[in-house]
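*Asks:* Just a sequence and a predicted model for now, questions to come.
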Amino acid sequence: MKKVLVVIAVLLIGTVAFAQDGPKAEITGFYSYFRFNPENSGTFSSHSLNGGGADISYFFTSMIGIKAEFAGYQSNNVTFTNNISTATASANLFTYNVGPVVKVRAGKFEPFAEALFGGAHSSFYGNLCKQLATCVVNNPSNNAFDFALGGGIDIPLSHSIAIRPAQVDYVLTRFGNGFTSGNQNQSNFRYQAGIQVRF
């Protein structure tokens, strides 16, 4: 019986020690490419946005943590044409999200996965609405729900510095607008790369 208790104690101590391996917090500054698909019916064309941002992750164990992320993308002009008129509007984008992150600390490479929830802000539909009479009844919102699902890989260079060569996410946004009916979801692609500081 004593041997069993000793084995259990050793396993518990080992589990606690393992849970404390690795940094408790990580701050990453990143470049971000965002392929924005304004909606799914083909009325609006997709366009690319470039920007950057930062995220901070706090880990409760070596693998499981919570992440907060903020990103902004430059204004880009997009032209909309229908049977009645043509208009050009800027298409900036800001996102702010929080959610769980799971990371495997496997020596030189640390793959991770995340599921982030939050909001997005873009002046695209609002700016387009100011130029077209179709928005008099249905004024679009500049703010929307968003959801990001994906992952990437971090490569530690030292105890306190790492690089992130790639992070790829599917990003769902829900900007309602006065131009299209039916599905108001936008299915977007995002790539990020950056430098990370660890504590």
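*Replies:* Great, that's in hand. Numbers count the residues shown, from 1 in each chain.
*Asks:* Nearest to the spatial middle of this structure, which residue is it?
*Replies:* residue 148 (4.9 Å; CA atoms, centre = their mean).
*Asks:* Quick check: the gap between that one and residue 23.
*Replies:* Computed with CB to CB, to the nearest Å, the distance linking residue 148 and residue 23 is 22 Å. In this view, the C-beta of every residue, glycine as well, is placed from N, C-alpha and C.
*Asks:* And for residue 162?
*Replies:* According to CB to CB, residue 162 stands 9 Å off from residue 23.
*Asks:* Quick check: neighbours shared by these two?
*Replies:* Common contacts of residue 162 and residue 23 (CB atoms under 8 Å, 6 or more residues apart in numbering): residue 198.
*Asks:* can you tell me which helix or strand the residue nearest to the centre of the chain belongs to?
*Replies:* Element membership for residue 148, per DSSP states H and E: strand 143-156.
*Asks:* for that strand, packing partners?
*Replies:* Where contact means 3 or more CB pairs under 8 Å, 6 or more residues apart in numbering; DSSP states H and E, strand 143-156 is packed against strand 93-103, strand 110-121, strand 161-173, strand 186-198.
*Asks:* do that again at 7 Å, thanks
*Replies:* Helices and strands touching strand 143-156, as assessed by 3 or more CB pairs under 7 Å, 6 or more residues apart in numbering; DSSP states H and E, comprise strand 93-103, strand 110-121, strand 161-173.
*Asks:* tell me the mean pLDDT for the second one?
*Replies:* Model confidence over strand 110-121, given as mean pLDDT, is 97.
*Asks:* quick one: that strand to strand 161-173, angle?
*Replies:* Orientation check (axes from the mean of the first three to the mean of the last three CA atoms, to 10 degrees): strand 110-121 against strand 161-173 gives 40 degrees.
*Asks:* Name the residues that touch strand 110-121?
*Replies:* For strand 110-121, contacts defined as CB atoms under 7 Å, 6 or more residues apart in numbering pick out 67, 69, 93-104, 142-154, 156, 173.
*Asks:* Report the angle between the next helix or strand after that strand and strand 143-156.
*Replies:* On the C-terminal side of strand 110-121, the nearest following helix or strand under DSSP H and E is helix 124-131. Angle between the axes of helix 124-131 and strand 143-156 is 140 degrees (criterion: the same axes, to 10 degrees).
*Asks:* Fine by me, we can end here.
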